[in-house]
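Asker: coords please:
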Amino acid sequence: MDILAVIGAIFGVGAIAGGIVTAMSARIVTQYEKGLVFRFGRVVGTRDPGLRMLIPFVDRMRKVSTQIVTMPVPAQDGITRDNVTVRVDAVVYFRVIDPVCAVVEVQNYLFAVGQVAQTSLRSIIGKSDLDSLLSNREELNKGLEIMIDSPALGWGIHIDRVEIKDVSIPDSLKRSMSRQAEAERERRARVISAEGELQASKKLAQAGAQMSESPAALQLRLLETVVQVAAEKNSTLVLPFPVELLRFLERGTPSGASAAESTPTAPQPTPEITPPEPTPALGHGNTPAAEQDGMRS
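Answerer: The predicted model follows:
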């Protein structure tokens, strides 16, 4: 009995030890990760997703995510090629395609990609104009992606895309651009208005030439204009008086009456007005001035 108890205890201890060793050697790799196995500090391979077994106290596994990482690039201040101070921020999308290079070749690939993105963004700002930063972002995004992807390929990282999010410019420049856009819109409005006037004048000339051949069409057009004006419920109606009607009335007037109206009447003689005789100047007491002189002598 004592021997059986000892054997049972040994088997129990072995089972417990085997369970502990199995728990220590078992690793679970998720679907979006790659397991990188180090044996005595040396990379011996990678493990696919699932349950993977390692040699206890010998192997060490480091999991590397293969998902797409979204990294915002802090806003960078720079001066464009046309000497304008701007502040630009961006976002970088990348993923790990080679876990061995991402872990072995660079100490911290996330920090490395962030620093390369910042320096590349500053470089692309200095090589571009303000108009390019505002309107030609597609090409700038492609150029920025190439600049970041070149060193990242050696780290086992692929840059999927880079997007410039916002371009901040000074307020004074915003006001200047607003005035420029307003002036441009006003210029276009004037050009369009002038083109409309030109086309309208051509059409009016054609309409006048066609109406001159048919006076009835001119009368119908006049009546249509009067109807359109009267439809607005105006209290005052301005009715143009056609010249053709005056000519018709002139032709219907008798010739005698017209001759009498055309003969000028003789002017009446104007009566002559004689100036009044001057009255003698009176001194004191209504006495003539000559008599007052004799009295003084």
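Asker: only C-alpha atoms from now on, for both contacts and neighbour counts.
Answerer: OK.
Asker: what about the longest helix in this protein?
Answerer: Identified as the longest helix of the chain according to DSSP state H is helix 171-213.
Asker: distance from it to the middle of the chain?
Answerer: Relative to its chain's centre, helix 171-213 lies at 22 Å (C-alpha atoms, centre = their mean, to the nearest Å).
Asker: packing partners for the next helix or strand along the chain from it?
Answerer: Counting by DSSP states H and E, the next helix or strand C-terminal to helix 171-213 is helix 215-230. Judged by 3 or more C-alpha pairs under 8 Å, 6 or more residues apart in numbering; DSSP states H and E, helix 215-230 is in contact with helix 171-213.
Asker: and the helix it packs on, what other elements does it pack with?
Answerer: By 3+ C-alpha pairs under 8 Å, 6+ apart, helix 171-213 packs against helix 215-230.
Asker: the helix it packs on vs helix 171-213, what angle?
Answerer: Calculated by axes from the mean of the first three to the mean of the last three C-alpha atoms, to 10 degrees, helix 215-230 forms an angle of 140 degrees with helix 171-213.
Asker: give the buried residues for helix 215-230.
Answerer: 218, 222 (16 or more other C-alpha atoms under 10 Å).
Asker: one more: stretch 166-179?
Answerer: Neighbour-count burial for stretch 166-179 [16+ other C-alpha under 10 Å]: Val167.
Asker: all numbers from here: first residue = 34
Answerer: Sure, I'll start counting at 34 from here, so that last one is stretch 199-212.
Asker: coming back round to it: quick check: mean pLDDT across the longest helix of the chain?
Answerer: Here helix 204-246 scores 87 as its mean pLDDT.
Asker: for stretch 169-182, buried residues please.
Answerer: Applying 16+ other C-alpha under 10 Å to stretch 169-182 flags 173-174, 176-182 as buried.
Asker: ok, now stretch 214-226?
Answerer: Going through stretch 214-226 with 16+ other C-alpha under 10 Å, nothing comes out buried.
Asker: neighbours around Lys67, how many?
Answerer: Number of residues near Lys67 (other C-alpha atoms under 10 Å) recorded here: 24.
Asker: torsion angles phi and psi at it?
Answerer: Per-residue torsions, Lys67: phi -120, psi 130 (degrees, to the nearest 10).
Asker: so it versus Met86, what's the distance?
Answerer: Distance of Lys67 to Met86, given as C-alpha to C-alpha, to the nearest Å: 14 Å.
Asker: ok, now Thr258?
Answerer: 96 Å.
Asker: secondary structure class for Ile88?
Answerer: Here Ile88 is recorded as coil under DSSP: H, G, I helix; E, B strand; the rest coil.
Asker: where's the closest residue to it other than its chain neighbours relative to Val97, distance?
Answerer: Using C-alpha to C-alpha, 6 or more residues apart in numbering and skipping the chain neighbours, the partner closest in space to Ile88 is Ser58 (5.7 Å). To Val97, Ser58 is 19 Å away according to C-alpha to C-alpha.
Asker: picking up where we left off before, residues contacting the residue nearest to Ile88?
Answerer: Ser58 makes contact with 86-89, according to C-alpha atoms under 8 Å, 6 or more residues apart in numbering.
Asker: now the buried members of those residues.
Answerer: Neighbour counting with 16+ other C-alpha under 10 Å marks Leu87 as buried within those.
Asker: how many residues are close by Gln100?
Answerer: When neighbours are defined as other C-alpha under 10 Å, Gln100 has 13 of them.
Asker: thanks a lot, see you next time.
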